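Colleague: Any chance you can model this:
(chains A and B)
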Amino acid sequence: SAVISQKPSRDICQRGTSLTIQCQVDSQVTMMFWYRQQPGQSLTLIATANQGSEATYESGFVIDKFPISRPNLTFSTLTVSNMSPEDSSIYLCSVEVGGEAFFGQGTRLTVV
Amino acid sequence: KQEVTQIPAALSVPEGENLVLNCSFTDSAIYNLQWFRQDPGKGLTSLLLIQSSQREQTSGRLNASLDKSSGRSTLYIAASQPGDSATYLCAVKDNNNDMRFGAGTRLTVKP
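Modeller: You can find the predicted model right below:
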């Protein structure tokens, strides 16, 4: 299994600002995944982050809006840039161990 | 493209009832299927993982079954408790490592 510490757990931000979300895993993993869950919706994959290389973004998501860092095998950050109210969502990081997915506690972001 | 559907979207039951949550998927060529629990505004907690070669998995009061040929999985919760109230999500991973999530079933267990 894997234990993921994600922070902040929630934040209220002004439009036009940026927020960086951090995830720390208790073991080394090759890939970390970042998801968005808009209100009342299911999870959508934003990007996959590998250590030592640029993240791979899904259709509809771009690096300028969601820059990701992956400095080592246990840590990653996702920044939500130039926020607008449409970015209000829960953001989640995830890893896989033995084919099983584990998630952080989520970051509930509200943009006002 | 894999599509995952969960029915019903919401379910309310009295405490003590046994209940079944349903998950269906369109492409039977899956690698595994996973059931999660999500409390409001929180992350996902893994409940059960079923590999494509398995038919069911059990953990405590939870039992998940998988029928690949019909594209269905069920999550059975025995003797439901108010603490079981949450949204339950199923996710299907294909052989390309892509994971698709259902929209979830919001369960309320009334005392």
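Colleague: in stretch B:72-80, what's buried?
Modeller: Neighbour counts over stretch B:72-80 (16 or more other C-beta atoms under 10 Å in any protein chain shown) mark B:72, B:73, B:74, B:75, B:77, B:80 as buried. In this view, the C-beta of every residue, glycine as well, is placed from N, C-alpha and C.
Colleague: can you give me the helices for the chain?
Modeller: I went with chain A, as the question did not name one. For chain A, applying DSSP state H gives no helices.
Colleague: what does chain A have sitting close to chain B?
Modeller: A:4, A:6, A:10, A:41-43, A:45, A:90, A:92, A:94, A:99-106, A:108 (C-beta under 8 Å from any C-beta of the partner chain).
Colleague: Return the subset of those lying in strands.
Modeller: A:4, A:6, A:10, A:43, A:45, A:90, A:92, A:94, A:100-103, A:108 (DSSP state E).
Colleague: if we can go back for a sec, from the residues of chain A next to chain B, which would you call buried?
Modeller: Looking at the residues of chain A next to chain B with 16+ other C-beta under 10 Å, the buried ones turn out to be A:4, A:6, A:42-43, A:45, A:90, A:92, A:94, A:100-106, A:108.
Colleague: Among those residues, find the lowest-pLDDT one for me.
Modeller: Taking those together, the minimum pLDDT is found at residue A:42 (90).
Colleague: That one contacts residue B:102, correct?
Modeller: Yes: using C-beta atoms under 8 Å, residue A:42 is in contact with residue B:102, at 6.2 Å.
Colleague: hmm, back to that, report the two of the ones in strands among the residues of chain A next to chain B separated the most.
Modeller: A:10 and A:100 (26.4 Å; C-beta to C-beta).
Colleague: Number of residues surrounding residue A:83?
Modeller: 21 (other C-beta atoms under 10 Å in any protein chain shown).
Colleague: near chain A, which residues of chain B?
Modeller: Close to chain A, as judged by C-beta under 8 Å from any C-beta, chain B has residues B:31-32, B:34, B:36, B:41-46, B:49, B:51, B:89, B:91, B:93, B:99, B:101-104.
Colleague: can you rerun that using 7 Å?
Modeller: B:32, B:34, B:41-44, B:46, B:49, B:89, B:91, B:99, B:101-104 (C-beta under 7 Å from any C-beta of the partner chain).
Colleague: what's residue 56 in contact with, if anything?
Modeller: Since you didn't name a chain, this refers to chain A. Residues in contact with residue A:56 (C-beta atoms under 7 Å, 6 or more residues apart in numbering or on different chains) are A:47, A:48.
Colleague: Actually, chain B is the one I wanted.
Modeller: By C-beta under 7 Å, 6+ apart, residue B:56 lies in contact with B:50, B:63, B:64, B:65, B:66.
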